[in-house]
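> give me coordinates for this.
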Amino acid sequence: MTQSIAELFDLTGKGAIVTGGAMGIGKAICLRLAEAGASVMIADLDLDIASQTVDEIKFNGGKAQAIQADASSSADAKKAVQATISSFGSLDILVNNAGIYPLLPVMRVEEGLFDKVISINLKGSFVYAQTAAAQMIEAGKGGKIINLASVDGFHPNGNATPYNASKGGVVMLTKALAVELAQHNILVNAVAPGSIITPGTGNVAKEAVAQGLSLEDLGKSFRGRLPLGRTGEPDDIAKVVLFLASGASNYMTGDILLVDGGYLLS
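Reported below is the predicted structural model:
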């Protein structure tokens, strides 16, 4: 029987984990998933801000909890999964949103910084996906894993080599996971945002300026390359994540959805 639009986007009874869900894009994703009926576990290093997002979700009638967790830690991934099962009864949706974006010329990138970016952005997506998939396989109901890639995984913009490499890795990780997990009805897709204005991007800009990069240089690669004429907002990404988490995407796996205002067209 064909489902109605309301039924397709109804996530009632589903448990979700969103890494880095305290603020920015992650917060917007949590708000949308909760609005659709999902019970959301916010896994974030900043428990105070994550708890504020939980309070906002509950104020709006949704269900959510927060747990302090490192996005690059397999032990914390297991802790987050166990907490989700204990609190909500199931884990049906994982959103690997957590990531860092240091801006620095390649010749000034130290090995430790490179390792940190890869550990959080790429390895972290792997360990959380692997841990969540194990639970989904055991439950036997399938599930949705949604990774946050980036336009930088397709077109490097300069001064972000570790980030570019990590997000290129997320693109292929998504496809590789999709192939192996399809037999368990676990669908793995990714969203690749373009330029999105968040509190985090403001902090990145300040750090870059402190490292000697100019704001004019930072924005140069984007000016004149946005056919829609504006930078994105966190909810622009959250709505696409909601689509991938919903029944409307049930015949999609291994896909990377570009949400970039047309940036890669130019």
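> out of the helices and strands in the protein, which is least certain?
Taking mean pLDDT, DSSP states H and E as the measure, the chain has helix 215-220 as its least confident helix or strand, at a mean of 54.
> which residues touch the following helix or strand past that helix?
Moving toward the C-terminus from helix 215-220, the next helix or strand (DSSP states H and E) is helix 234-245. With Cβ atoms under 8 Å, 6 or more residues apart in numbering as the test, helix 234-245 has contacts from 9, 11, 16, 24-25, 27-29, 31-33, 36, 38, 93, 95, 144, 146, 148, 189, 191, 193, 196, 198, 249, 252, 257, 259. Glycine gets a C-beta too; all of them are placed from N, C-alpha and C.
> just stretch 156-173 next, same as before
If you take Cβ under 8 Å, 6+ apart as the criterion, stretch 156-173 is touched by 96, 99-106, 109, 113-114, 117-118, 120-122, 125-126, 129, 147-150, 152-154, 190, 192, 208, 213, 217-218, 221-222, 256.
> OK, contacts around N250?
N250 neighbours (Cβ under 8 Å, 6+ apart): L187.
> could we number from 16 for the rest of this?
Yep, numbering from 16; the last one is N265 now.
> now it: how far from Q18?
As judged by Cβ to Cβ, to the nearest Å, N265 and Q18 stand 10 Å apart.
> likewise for D270?
With distances taken as Cβ to Cβ, D270 is found 21 Å from Q18.
> the two: who's more crowded?
D270 (15 against 12; other Cβ atoms under 10 Å).
> what residues are up against that one?
Per Cβ under 8 Å, 6+ apart, neighbours of D270: 204-205.
> cool, thanks, signing off.
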